[in-house]
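Student: Quick one: sequence and predicted model below, then my questions.
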Amino acid sequence: MYLAIGDVVRVRTSAVLCTVSGIASHTSGNLVEVSNGAAAPRAIVAPKDLEFVARGSRPITTARAWASLLFLALAIAAAILNASTVHQHHVGWPMTTFVALTSVTAVSNGLNNLFNRPRRVRV
């Protein structure tokens, strides 16, 4: 199971929804620190006692917004280059359009997933 700080999990033993607040390595395996937001202290739980509920996400920052815009610009440049190369080989407009759209999708999503993804740790 891959977890990131901020993910929502359910503890199987007590059926309580918690947020992952830390991950630690131990000689007997990885341990996950969870908090339920109440006055109760944070608990350390083995990953086998957790069920994944939802992925936590942070609000987008200005730096990430600019990075996404830059990735989109690079994707459009790659699409233009690929579409013009395909068009020079006398391929029809439907295929040229398909290559352009898939280039934009592949490059922009690939760069966004590489740089703007949440950092997940296998536990």
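Tutor: That came through fine. Residues are numbered from 1 along each chain as shown.
Student: Any idea how many residues pack against Pro46?
Tutor: Careful, residue 46 is Ala; it's not Pro. For Ala46, the number of neighbouring residues by other Cβ atoms under 10 Å comes to 13. Yep, even glycine has a C-beta here, placed from its N, CA and C like the rest.
Student: Now do the contacts for it.
Tutor: By Cβ atoms under 8 Å, 6 or more residues apart in numbering, the residues touching Ala46 are Gly29, Leu31, Val32.
Student: Show me where this protein dips below the pLDDT cut-off.
Tutor: Filtered on pLDDT under 70, the chain yields the residue ranges 39-40, 117-123.
Student: how does this structure divide into domains?
Tutor: Following automatic domain parsing, one gets these domains for the chain: 2-54, 62-122.
Student: on that earlier part again, separate out the buried members of the contacts of Ala46.
Tutor: Val32 (16 or more other Cβ atoms under 10 Å).
Student: of the contacts of Ala46, closest to Ser68?
Tutor: Val32 (30.1 Å; Cβ to Cβ).
Student: Pull the helix or strand encompassing Leu31 out as PDB, backbone CA atoms only.
Tutor: Assigned by DSSP states H and E, Leu31 belongs to strand 29-35. What follows is strand 29-35, C-alpha atoms only, in PDB (Å, rounded to 0.1, in the frame of the first residue of the first chain):
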ATOM      1  CA  GLY A  29       8.700  -3.200   9.400                       C
ATOM      2  CA  ASN A  30       7.200   0.100   8.600                       C
ATOM      3  CA  LEU A  31       4.900   1.900  11.100                       C
ATOM      4  CA  VAL A  32       2.300   4.600  10.300                       C
ATOM      5  CA  GLU A  33       1.500   7.500  12.700                       C
ATOM      6  CA  VAL A  34      -2.100   8.500  12.500                       C
ATOM      7  CA  SER A  35      -4.200  11.200  14.200                       C
END
